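J.: Model the following, please.
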Amino acid sequence: MEIQRLQHAAPIQVQTPFVATTAAKPTGPVDGVELEGQPPESGQIRPLRILHLNDLHGAVEPEEDAGGLARVATILDQQRAENPEGTLTLNAGDLAEGTMVAYLTKGQVVSEPLGTMGFDAVQPGNHDFAWGQEALQDMLEDLNAPILSANIVHSEDGTPWATPYLMKDLDGVKVGILGLDVQDMARYVSAEKLEGLEFQPPSTAVARYLPEMREQGAEVVVVLSHHGFDEDCKLAREFPGIDVIVGGHSHTVLEQGHREGDTLIVQSGTKGRFVGSVDLGFDLSSRQIVSAEARLIPVGADVPPDPEVQAIINRAVAEVEPIGARVMGRAEEELHYSHGAAAKINQIHADSVLRATGAEIALCSARNPRGNLPQGEVTYKDLFSAYPMTEEDAVVMKVTGRMLMAEMEERIGDGGRGPATPAGFRYTYDPSRPSGQRLTEVVLANGSAMDPDREYTVGTTITMARKKTFREAKEVRNLGSSQEMFMEAFSAGSPWRNDPDDRLVRL
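T.: Take a look at the predicted model:
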């Protein structure tokens, strides 16, 4: 397995590896755990199972004794053995970006084990495009599975980038699986890595292909989605003919699934801490789903690792160990991150962007940090795990105070992604107030209030700079890897204590 830092190769086209097949007659949608008027006694009930994984993000090793891809492999084998002819195994994407070992092996430490695990379909996620289309193609070829995506097309002629949907005969039941990715891919991935591709609205793809799947005989329709829980709920409301949505992107932990009208929505969190399972009861007389139950199976220390998968992981980990073991600094106590509150790691990140960009102030997403740092010596691997955003460059731009405050409001509003982390200024907010009115005070370092009409030179990361809030930003300049800035700042400021300041206050 080759170990190297990824080079950004020219994008290439991903060839469609599988084609749809025909099937039998359609059926009605799910309507609760037992459909009224269709009790199990009405005919023979065929048990069907959907196993699912999403947002692994390169977490091939256990973290805090949870997860581990070799344990996931064991659970999948055990669950399939209970119903070998009636089990479907799906992966909703974001496979590799997120850990040092995945980055240095160009994703092979993830894709090679996944290729032994028998997935029936995979929908790539936004992070799977982070290293470019050539690196993505290499990973996809390892998976030995159909690659789905109904809303990604080639810009030149509108032809599908991958197979839009797949028809499977699951123990005598015709199942259609439709793949969907996020539409706003340009927010997450730089344009050169998406060259030649167009990301269409998921609803457009469903409107086109759902009737076609039913016409080809799909009795159960499954959407394999990587565009987030809220968007999945909207999709279910718009298209009640979808039976199950297997989701990803938002890292939502749905212990028993979520019922949106007639559609069951499931998702298993992130980093392989759970394997999701859906058990359907299909009435062979009425040709309808009559029961549906979702659960999450913990991937804990009591699960023995699969030897074949563990051997692949062990080889890769051993090869990158000399890089990961390099000591970068010291923490006097465990340092914490947070997606919803003031946290030390978030503040180190925002401060590093402020210093490296030379801006007046900085505003960074709280979702860039992804892990805590241990007490004692902190290694390169530790820092990589805490801030795994290999492609999240820092930028400097000129924006108005009004734009900045609008962005802060959006992130603390209903459905927001969590308060952004400031540097060089502070703000307070009150979550009890109506959405859009929660920002209560924004104060600069000199004690003055932020002026809505004044232009500020602001440091941030490229994903945030692409937000619609900043579409009128001026003089936007890319200054390189924010991950490297974070690591350099950590080393320069060592040792650290877990003592976040009051720059972000929730009232």
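J.: How about the backbone phi and psi for G118?
T.: With angles defined as degrees, to the nearest 10, G118 sits at phi 70, psi 40.
J.: what residue ranges in the stretch 251-400 of the chain score low on pLDDT?
T.: Applying pLDDT under 70 to the stretch 251-400 of the chain picks out no residues at all.
J.: and the residue lying closest to G358 once chain neighbours are set aside, helix, strand or coil?
T.: Distance criterion CB to CB, 6 or more residues apart in numbering; nearest residue to G358, sequence neighbours excluded, is V396 at 7.2 Å. All C-beta atoms are positioned from the backbone trio N, CA, C, and that covers glycine. Following DSSP: H, G, I helix; E, B strand; the rest coil, the label given to V396 is strand.
J.: repeat for V72
T.: Criterion first, three-state DSSP; result for V72: helix.
J.: Could you check the pLDDT of it?
T.: V72 is assigned a predicted lDDT (pLDDT) of 98.
J.: Surely it and G276 touch.
T.: No: V72 lies out of contact with G276 (CB atoms under 8 Å); the separation is 11.0 Å.
J.: coming back round to it: number of residues surrounding the residue nearest to G358?
T.: Neighbourhood size, V396 [other CB atoms under 10 Å]: 22.
J.: Wait, it touches R477, no?
T.: Yes: in this structure, V396 is within contact of R477 by CB under 8 Å, at 5.3 Å.
J.: hang on, the earlier thing: hey, what's in contact with both of V72 and G276?
T.: Counting by CB atoms under 8 Å, 6 or more residues apart in numbering, the contacts common to V72 and G276 are L53.
J.: neighbour-wise, which of the two wins?
T.: More crowded of V72 and G276, by other CB under 10 Å: V72, with 28 against 25.
J.: so who does the closest residue to that one other than its chain neighbours touch?
T.: What sits nearest to V72 in space, not counting adjacent residues and going by CB to CB, 6+ apart, is G272, at 5.1 Å. Residues in contact with G272 (CB under 8 Å, 6+ apart) are 53, 56, 59, 67-69, 71-72, 299.
J.: Mind checking which of those residues are in strands?
T.: Residues of the contacts of G272 located in strands (DSSP state E): L53.
J.: Rebuild the contacts of G272 as CSV, extending it with distance to I462.
T.: Shown next, in CSV, are the contacts of G272 (distance: CB to CB, whole Å):
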residue, distance to I462
L53, 28
L56, 23
A59, 24
G67, 29
G68, 32
L69, 29
R71, 35
V72, 32
V299, 33
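J.: which one of the contacts of G272 sits closest to Q108?
T.: Nearest to Q108 among the contacts of G272: L69, at 12.6 Å, using CB to CB.
J.: how many neighbours does the residue lying closest to the closest one once chain neighbours are set aside have?
T.: Using CB to CB, 6+ apart and skipping residues adjacent in sequence, the residue nearest L69 is V60, 4.4 Å away. Counted with other CB under 10 Å, residues neighbouring V60 total 28.
J.: How about V122?
T.: Residues lying near V122 (other CB under 10 Å) number 29.
J.: Next up, phi/psi of it, please.
T.: phi -130, psi 130.
J.: and it, what does it touch?
T.: Contacts of V122 (CB under 8 Å, 6+ apart): 90-91, 93, 95, 114, 140, 143, 145-148, 224.
J.: Identify, by residue count, the longest helix of the chain.
T.: helix 307-324 (DSSP state H).
J.: After that helix, heading C-terminal, what element do we hit next?
T.: Moving toward the C-terminus from helix 307-324, the next helix or strand (DSSP states H and E) is strand 327-331.
J.: Would you indicate which residues of that following strand are buried?
T.: Across strand 327-331, burial judged by 16 or more other CB atoms under 10 Å covers 328-329, 331.
J.: May I ask which helix or strand encompasses S385?
T.: Assessed by DSSP H and E, S385 sits inside helix 380-386.
J.: From the chain's centroid, how far away is the longest helix of the chain?
T.: Remark: helix 307-324 is offset 24 Å from the chain centroid, using CA atoms, centre = their mean, to the nearest Å.
J.: And the protein, what are its domain boundaries?
T.: Domain assignment for the chain by automatic domain parsing gives 40-314, 327-506.
J.: Turn the ones you listed into JSON lines, including distance to E321.
T.: Output for the domains of the chain, formatted as JSON lines (distance: least, CB to CB, whole Å):
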{"stretch": "domain 40-314", "distance to E321": "9"}
{"stretch": "domain 327-506", "distance to E321": "8"}
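J.: Quick check: which of these is buried the most?
T.: Highest mean neighbour count of the domains of the chain: domain 40-314, a mean of 21 (counted as mean count of other CB atoms under 10 Å).
J.: how about the helices of this protein, start to end?
T.: 69-82, 100-104, 108-115, 133-142, 202-215, 229-238, 307-324, 344-357, 380-386, 401-412, 462-465, 482-493.
J.: Compare these and give me the one nearest H154.
T.: That would be helix 133-142 among the helices of the chain, by CB to CB, at 11.6 Å.
J.: Please list all residues in contact with L88.
T.: So L88 contacts 48-51, 120, 168, 170, 175, 177, 222 (CB under 8 Å, 6+ apart).
J.: Show me what it bridges to in the sheet.
T.: I50 (DSSP bridges).
J.: Return the subset of the contacts of V122 lying in strands.
T.: Mapping the contacts of V122 onto strands (DSSP E) picks out 90-91, 224.
J.: and the residues you listed as CSV, adding distance to L373?
T.: Output for the ones in strands among the contacts of V122, formatted as CSV (distance: CB to CB, whole Å):
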residue, distance to L373
L90, 34
N91, 30
L224, 35
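J.: from those residues, which is closest to T204?
T.: Of all the ones in strands among the contacts of V122, T204 sits closest to L224, with 16.8 Å by CB to CB.
J.: Tell me the bridge partners for that closest one.
T.: According to DSSP bridges, beta-bridge pairing links L224 with G179, V246.
J.: I figured it hits I177, correct?
T.: Yes: counting by CB under 8 Å, I177 is a contact partner of L224 at 5.7 Å.
J.: so what's in contact with these two at the same time?
T.: Listed contacts common to L224 and I177 are 90, 121, 148; contacts here mean CB under 8 Å, 6+ apart.
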